[in-house]
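In: sequence and predicted structure are below.
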Amino acid sequence: MEAERLLALAVEVAAERTLPRVMEIIVQGLAAHPGVALARIWLLLPGDICASCSMRAECADRTQCFHLAASAGTPVSSPGEDWSFLQGHFRRIPVNARKVGQVGGSGTAMLLKDLASEHERIARPEWVARERIRSFAGHPLIFRDQVLGVLGTFTRIPIDDAAFVWLGVFANQAAVAIANARAFEEVERLRKQLELENAYLHEQVKEGLAYGTIIGQSPALQEVLQQVEMVARTDAAVLISGESGTGKELIARAIHDRSPRRKHALVTVNCASVPRDLFESEFFGHVRGAFTGALRDRTGRFQLADKGSIFLDEVSEIPLELQGKLLRVLQEHQVERVGDDQLRTVDTRVIAATNRNLEDEVEAGRFRRDLYYRLCVFPIRLPPLRERREDVALLAAHFLELAVRRLSSPAPRLTDHALDLLRAYDWPGNVRELHNVIERAVILSQGGPLRIDLVLRGSPAASRPTLPETRRTVLSEAEMSRQERDNILAALEQTGWKISSAARMLGVKPTTLASRLKRLGIERRQ
């Protein structure tokens, strides 16, 4: 083969960045030479069809083999035959088996100048005779001492030593082009992954942290946190149940952040907000043109959460007809985009949440039993706020801090009367409702005492009549000092001995509280 033609082909290959196009240019460029009958590239990849491979008996190590990745040629005996077909008898070749396997396994080029005299090394001598094949040249594709694959060339003219050497030089350039194309594809994949994470996750992180960290010291909450610690280090599927507003997404994020997957994304899907017709596209992605409005390829949430976790909020809202597809993904760890026939492997941990009783949904036929068991490997129940009233004061102080900062409003005083109203209320909307109530009260208070009574005007706690006092009790100085001391200690204990938070609860300045602690001799007990 002419050196000039090979050099020109090497330059053309070097300009391409996608792997399929690089290999296509290589084999088509070689096959375009008048003396070349067939040019092929096999890449060294993991074994995938070992059970049905015709060369299985020759494969000692079934973890990897050479996959036929590109082919081009011109038949003479049957002009209509397609030699670009990649699913023929030689689609997989074991390492060290046949000519291609020997070249790739040893990393050494092979030249058979006269195939007519090499019957023992030819798998199909009748094809060689029919297509008038004279020579075969096999060159390993090596990049940085790693065998990437094999370039095989069948010619109808003899290959002399000089042409064989030039083919070897070209094979080295082809290996570099293939390695570069793979690197470009990986860079492009990571770039798209980062873009998708920016689009999907950044706002979700802000929303997920809107309530801050998990606040509370009640036994009910501590039990939940112990369960989080136990399950976080595993890959078990978790089903979080609880009323709306109890903080299910915060618990899901706590599980992810304490797991080995914390360096990767936690992708959130609110199943209740996804239109029925878009569930499959949202979960698994779609290709361009798959349906009206699919103007570009889109990566699904499961693929975006690869190596990380996916949080399926309100999982009971998934339509029954799509629950089977979700179950298959959880079982096989593979997704298929809408409009595509390629399966993509994903390694995703599933954390689901619901405010319904899924067992009742299963009995009613609205939720698949097998999917329920797949999701409910480790159940966690979040207690409603009325079952953890001990945490109301801490939560109120925390939300007051957030509201003052967000609204740029004067800080109101969190009085005992306001705390009594908050503790007496049943909180049907749970922590979310408490957050909203505090924020509204901050707006109404305008820097004075926190007017919880104006916000909870219609609640039982706010409307409960105050009994008139029949007589006033006179306290001695010692009793007043003891009562003040007890009141300060209660505020400090409820706020974890945070001076600023306790001062806010008491309605005094932190410096005033500090002087009272000194005057009363109050020190934190170790």
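Out: Arrived safely. Numbering: from 1, shown residues only.

In: ranges for the strands of the stretch 101-250 of the chain?
Out: With DSSP state E, counting those that start in this stretch as the criterion, the stretch 101-250 of the chain has strands at 110-112, 135-143, 146-155, 238-241.

In: pairing partners for the shortest one, with directions?
Out: Within its sheet, and counting by DSSP bridges, strand 110-112 is paired with strand 135-143 (antiparallel).

In: buried ones in the partner strand?
Out: Ser135, Phe136, Ala137, Gly138, His139, Pro140, Leu141, Ile142, Phe143 (16 or more other C-beta atoms under 10 Å). To be clear about C-beta, it is placed using only N, CA and C from the backbone, and glycine gets the same treatment.

In: what does stretch 333-348 give?
Out: By neighbour count on 16+ other C-beta under 10 Å, the buried set for stretch 333-348 is Val335, Glu336, Arg337, Val338, Asp340, Arg344, Val346, Thr348.

In: thinking again about what came up before, which of the buried residues of strand 135-143 lies closest to Val76?
Out: Here the nearest of the buried residues of strand 135-143 to Val76, counting by C-beta to C-beta, is Ser135; it sits at 15.8 Å.

In: so who does that closest one touch?
Out: By C-beta atoms under 8 Å, 6 or more residues apart in numbering, the contact set of Ser135 is Leu111, Leu112, Lys113, Asp114, Leu115, Phe154, Thr155, Ile157, Pro158, Ile159.

In: neighbours around the third one, how many?
Out: To tie it back to what came earlier, the one meant is Lys113. The burial count assigned to Lys113 is 16, neighbours taken as other C-beta atoms under 10 Å.

In: Asp101 and Phe90 touch, don't they?
Out: Rather than Asp, residue 101 is Gly. No - checked against C-beta atoms under 8 Å, the pair Gly101 and Phe90 is beyond contact range at 10.4 Å.

In: looking at these two, which is more packed in?
Out: The neighbour comparison of Gly101 against Phe90 (other C-beta under 10 Å) goes to Gly101, with 22 against 18.

In: give me the nearest residue to that one, chain neighbours excluded.
Out: Ile93 (4.9 Å; C-beta to C-beta, 6 or more residues apart in numbering).

In: so what's the backbone phi/psi at the one you found?
Out: When read as degrees, to the nearest 10, the backbone of Ile93 gives phi -130, psi 120.

In: include secondary structure and pLDDT when you put the buried residues of stretch 333-348 into JSON lines, please.
Out: Compiled in JSON lines, these are given as follows (DSSP: H, G, I helix; E, B strand; the rest coil; pLDDT from 0 to 100):
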{"residue": "Val335", "secondary structure": "strand", "pLDDT": "89"}
{"residue": "Glu336", "secondary structure": "strand", "pLDDT": "88"}
{"residue": "Arg337", "secondary structure": "coil", "pLDDT": "88"}
{"residue": "Val338", "secondary structure": "strand", "pLDDT": "87"}
{"residue": "Asp340", "secondary structure": "coil", "pLDDT": "83"}
{"residue": "Arg344", "secondary structure": "strand", "pLDDT": "88"}
{"residue": "Val346", "secondary structure": "coil", "pLDDT": "92"}
{"residue": "Thr348", "secondary structure": "coil", "pLDDT": "94"}
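
In: give me the pLDDT for the spatially most central residue of the chain.
Out: The residue lying closest to the centre of the chain (C-alpha atoms, centre = their mean) is Ala305, at 1.2 Å. Ala305 carries a pLDDT value of 91.
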